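Student: Fold the following for me, if possible:
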Amino acid sequence: MSLKKQFIKTKPVVKVTFSIDAKDADSAAVVGDFNNWNASEGTLSKLKNGTFKATYDLVKDAIYEFKYVIDGTYVNDPEADFYKWNDYAGSENGVLVV
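Tutor: Coordinates of the predicted model:
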């Protein structure tokens with residue numbers, strides 16, 4: 001799993017690349033505050049090496065909770081900036097600071 005942040009000096013956005021190794025999975029998505037936890041808006045593309053990946057523009061100077069959805073199962077990213085308990089989910093979510 002990997003998070004890559006690219007800060008754009010001329011725009012108030014950060015290009016965040018989400019990637020997760022899931023060779024045996026059929027589908028993967030990233031869901032979070034930035035897309036209303038909607039998996040269809042966070043679809044990741046599967047690469048030939050089995051990694052799912054996508055880049056999204058997120059508003060700078062913000063904090064987002066997120067998770068991956070791999071074949072319907074919610075998974076945290078071990079490279080998240082930190083984790084935060086979420087009562088609605090009944091578990092911890094990864095947190096991304098941009």
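Student: Mind giving me the packing neighbours of the helix or strand containing Tyr74?
Tutor: Element membership for Tyr74, per DSSP states H and E: strand 73-75. The contact analysis (3 or more Cβ pairs under 8 Å, 6 or more residues apart in numbering; DSSP states H and E) places strand 73-75 against strand 63-70. Every residue, glycine included, has its C-beta placed from N, CA and C.
Student: for the strand it packs on, packing partners?
Tutor: Judged by 3+ Cβ pairs under 8 Å, 6+ apart, strand 63-70 is in contact with strand 13-21, strand 28-32, strand 73-75, strand 91-97.
Student: State the next helix or strand along the chain beyond the shortest one.
Tutor: Sequence-wise, the next helix or strand downstream of strand 73-75 (DSSP H and E) is strand 82-86.
Student: okay, the angle between that following strand and strand 63-70?
Tutor: Orientation check (axes from the mean of the first three to the mean of the last three Cα atoms, to 10 degrees): strand 82-86 against strand 63-70 gives 80 degrees.
Student: Tell me, how many residues neighbour Ser40?
Tutor: Neighbourhood size, Ser40 [other Cβ atoms under 10 Å]: 8.
Student: nearest residue to it other than its sequence neighbours?
Tutor: Distance criterion Cβ to Cβ, 6 or more residues apart in numbering; nearest residue to Ser40, sequence neighbours excluded, is Ala29 at 7.5 Å.
Student: Equivalent analysis for Thr55, please.
Tutor: Setting aside the residues directly before and after it, Thr55 is nearest to Thr17 in space (Cβ to Cβ, 6+ apart), at 4.5 Å.
Student: gap between the one you found and Val30?
Tutor: Distance of Thr17 to Val30, given as Cβ to Cβ, to the nearest Å: 10 Å.
Student: Could you list the low-pLDDT ranges of this structure?
Tutor: 1 (pLDDT under 70).
Student: center of it - which residue?
Tutor: Nearest residue to the geometric centre of the chain (Cα atoms, centre = their mean): Val30, 4.2 Å.
Student: Distance check, that residue against Phe66.
Tutor: 6 Å.
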